[in-house]
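K.L.:
How does the following fold in three dimensions:
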Amino acid sequence: MTDTAATRQVVISGTTFWLDRIQPEPGLKIFGNLQAKFFPTLANGLDVLTILKSPGTTEDKIATATAMALPAFGQLSSSLTGDELVALCKSMFVEETITFQKEGSSPQKLTPLMWNTAFAGPFDMIELAVEVIDWNFSPFLTRFATLFGNLAARYREATAKKLS
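P.N.:
Next up, the predicted model:
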């Protein structure tokens with residue numbers, strides 16, 4: 001079931017953020033940029049999701065998924081420079097969609113000029129970026145992963161039949 005709420009509240013390092021959904025057109029642009037940059041890692045991630053959903057013991061699935069995920073994370077981290085991370089955050093932190101509040105202060109829109117006020121450190125920005133992706137794109141990614149898993153299973157079945 002898709003979460004249809006308009007706003008999600010998250011707290012990161014003591015700062016409260018309210019995330020509104022990104023409108024379809026800018027959301028599509030952001031998603032396009034994300035998939036262009038991360039597709040190889042995303043494809044590997046879908047394989048990991050397929051393994052985690054497959055039958056078998058939890059320990060075996062986690063070991064296999066971890067072995068597959070580590071190279072993906074290495075590939076991802078080697079493809080992102082600091083400038084690319086900043087540009088990614090600027091594109092994802094759509095000013096109209098994110099409000100933040102530090103304890104004892106009034107809520108404010110999150111603009112690049114407010115980043116040093118809103119975030120305790122750089123990893124808080126990455127955590128918020130993950131929340132933005134999850135809030136805006138996880139329903140699609142979940143459906144895509146399910147479709148991909150079904151297609152991959154059909155492909156494996158067809159390939160096995162050809163080989164037998």
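K.L.:
where in this structure is pLDDT low?
P.N.:
1-4, 39-53, 57, 68-69, 72, 76, 144-156, 158-164 (pLDDT under 70).
K.L.:
can you map out the strands along it?
P.N.:
Assigned by DSSP state E, the chain shows strands spanning 7-12, 15-20, 98-101, 108-109.
K.L.:
Point to the residue nearest the middle of the chain.
P.N.:
I133 (4.3 Å; C-alpha atoms, centre = their mean).
K.L.:
Tell me who's in contact with that one.
P.N.:
If you count contacts by C-beta atoms under 8 Å, 6 or more residues apart in numbering, I133 has them with 34, 92. Yep, even glycine has a C-beta here, placed from its N, CA and C like the rest.
K.L.:
To T66, which of the strands of the chain lies closest?
P.N.:
strand 7-12 (25.7 Å; C-beta to C-beta).
K.L.:
Mind listing the strands the closest one pairs with, and their directions?
P.N.:
strand 15-20 (antiparallel) (DSSP bridges).
K.L.:
Other residues contacting the partner strand?
P.N.:
6-11, 96-102, 107, 110, 118-120, 124, 128, 131-132, 135.
K.L.:
Go again with 10 Å.
P.N.:
5-11, 93-94, 96-103, 105, 107, 110, 117-120, 124, 127-128, 131-132, 134-136 (C-beta atoms under 10 Å, 6 or more residues apart in numbering).
K.L.:
from those residues, which would you call buried?
P.N.:
When those are checked for burial by 16 or more other C-beta atoms under 10 Å, the buried set is 8, 10, 93-94, 97-100, 110, 118-119, 124, 127-128, 131-132, 135-136.
K.L.:
Among those residues, which ones are in helices?
P.N.:
Counting by DSSP state H, the buried ones among the contacts of strand 15-20 place 118, 124, 127-128, 131-132, 135-136 in helices.
K.L.:
burial count for M125?
P.N.:
20 (other C-beta atoms under 10 Å).
K.L.:
Equivalent analysis for L34, please.
P.N.:
Using other C-beta under 10 Å, L34 has 17 other residues around it.
K.L.:
in terms of contact, does it touch C89 like I think?
P.N.:
No - L34 is beyond contact range of C89, at 11.9 Å (criterion: C-beta atoms under 10 Å).
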